[in-house]
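S.K.: Structure for the following, please:
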Amino acid sequence: MPPSSNTSLVEFRNLTFGYGEQAVLQDVSLQIPRGKVTALVGPMGGGKTTTLRLMGGQYRARSGQMLFDGQDIGSMNQKQLFAVRRRMGILFQFAALFADMSVFENVAFPLREHTDLPESLIRDIVLMKLNAVGLRNARDLMPSEVSGGMAKRIGIARAIALDPEFLMYDEPFSGLDPISVLVTARLIRHLNDSMGLTSIFVSHEIRQTLEIADHVVILDSGKLAFQGSVDEVRKSTDPLVFQYVNQRPDGPVRFHYPAVSIEEDFGFSVPASPS
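M.R.: Residues are numbered from 1 along each chain as shown. Okay, here's the model as predicted:
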């Protein structure tokens, strides 16, 4: 059973979205449980990053609803949308740090843009957020001077600067070595629990994903293939879910792109393999 609306911070109701004539999400209904870590997974091109952008109000549904705390983002004006976004934080896929700003200035940026706090308090908040991700002493470094894993953690510190309720991570493990993947995964879990957040992350790292998630949503070709607990997804006999979770090279997601037969392409028949 999916969570009821009063236990869901974010909910899609029969949502359809596309670019021009191309449909990206088709009649998707899903729920993001409050206080939990949700993994958004599935084959590439399934609409995962688009889903995050719809949650953040960057895109608006073609039909259906995207609800945040029971409010339809699609019907909001700009002022209302900005107020809702203050309750959200996001780690972009490649951290998206400002290259000409120090680590400290990157984390301070949203505080200076969205609050009237004095600089002395901004300093304390920035150092607390950097300390939460283990990088307080990296405050004076430039983005070019930090590793990929450190850049992701700095991006997380910036995402939590305004103490959001809802935190989105777009492929937080991409491009990281195994140690950095483990550190980032544990950080996602720890921050969610210690700050009382609701979190969602897009990932292709199945092992780490299933270790830290409470709830799993699988998208395939713009449609909802599965949503439920980690235990339920591990036990699923759905062919697509089984292939993805068990990392099988062939199945509903095929190795060969759909094509005419070899006989049609080459003009000769292929002899049958000996039994």
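S.K.: Okay, buried residues for the longest helix seen in the chain please.
M.R.: Secondary structure of the chain per DSSP state H: the longest helix is helix 178-195. Buried residues in helix 178-195, counted by 16 or more other Cβ atoms under 10 Å: 180-185, 187-189, 191-192. For every residue, glycine as well, the C-beta is placed using N, CA and C.
S.K.: Nearest to residue 70 among those?
M.R.: Distance to residue 70, by Cβ to Cβ, is smallest for residue 192 among the buried residues of helix 178-195, at 21.2 Å.
S.K.: Excluding chain neighbours, give the residue nearest to that closest one in space.
M.R.: Using Cβ to Cβ, 6 or more residues apart in numbering and skipping the chain neighbours, the partner closest in space to residue 192 is residue 199 (4.5 Å).
S.K.: So residue 249, which state does it fall into?
M.R.: Classification of residue 249 by DSSP: H, G, I helix; E, B strand; the rest coil places it in coil.
S.K.: before we move on, back to that, confirm that the residue nearest to residue 192 lies within a strand, as I assumed.
M.R.: Yes. The assignment for residue 199 is a strand, going by three-state DSSP.
S.K.: So what pairs up with it in the strands?
M.R.: Assessed by DSSP bridges, residue 199 has beta-bridge partners residue 37, residue 167.
S.K.: Just give me the neighbour total for it.
M.R.: By the criterion of other Cβ atoms under 10 Å, residue 199 has 26 neighbours.
S.K.: Which residues are in contact with it?
M.R.: 36-38, 166-169, 188, 191-192 (Cβ atoms under 8 Å, 6 or more residues apart in numbering).
S.K.: Are any of those residues buried, and if so which?
M.R.: So, by 16+ other Cβ under 10 Å, the buried ones in these are 36-38, 166-169, 188, 191-192.
S.K.: ok, of the residues you listed, which one's closest to residue 10?
M.R.: residue 166 (6.8 Å).
S.K.: correct me, but the closest one touches residue 196?
M.R.: No. In this structure residue 166 lies outside contact range of residue 196 using Cβ atoms under 8 Å: 11.2 Å.
S.K.: Now for these two: what residues contact both?
M.R.: Contacts common to residue 166 and residue 196, judged by Cβ under 8 Å, 6+ apart, are absent.
S.K.: Tell me the spacing between the nearest residue to residue 183 once chain neighbours are set aside and residue 125.
M.R.: Here the nearest residue to residue 183 in space, its sequence neighbours aside, is residue 149; by Cβ to Cβ, 6+ apart that works out to 6.6 Å. Relative to residue 125, residue 149 is positioned 23 Å away (Cβ to Cβ, to the nearest Å).
S.K.: can you list the residues that contact the helix or strand where residue 65 lies?
M.R.: Per DSSP states H and E, residue 65 falls inside strand 63-68. Defining contact as Cβ under 8 Å, 6+ apart, one finds that strand 63-68 is touched by 5, 8-16, 27-29, 54-55, 57, 60, 72-74, 84, 87-88, 166.
S.K.: Same check on stretch 34-48?
M.R.: 7-9, 17, 24-25, 28, 32, 51-52, 188-189, 192, 196-204, 206, 209-210, 212-222, 225, 244, 253.
S.K.: pLDDT and distance to residue 119 added to the buried ones among the contacts of residue 199, as JSON lines?
M.R.: Converted to JSON lines, the buried ones among the contacts of residue 199 look like this (pLDDT from 0 to 100; distance: Cβ to Cβ, whole Å):
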{"residue": "36", "pLDDT": "96", "distance to residue 119": "36"}
{"residue": "37", "pLDDT": "97", "distance to residue 119": "34"}
{"residue": "38", "pLDDT": "96", "distance to residue 119": "36"}
{"residue": "166", "pLDDT": "96", "distance to residue 119": "28"}
{"residue": "167", "pLDDT": "95", "distance to residue 119": "26"}
{"residue": "168", "pLDDT": "95", "distance to residue 119": "29"}
{"residue": "169", "pLDDT": "94", "distance to residue 119": "29"}
{"residue": "188", "pLDDT": "94", "distance to residue 119": "30"}
{"residue": "191", "pLDDT": "94", "distance to residue 119": "25"}
{"residue": "192", "pLDDT": "95", "distance to residue 119": "30"}
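S.K.: where exactly do the strands run in the chain?
M.R.: 8-19, 22-33, 37-41, 63-68, 71-72, 88-91, 166-170, 198-202, 215-220, 223-229 (DSSP state E).
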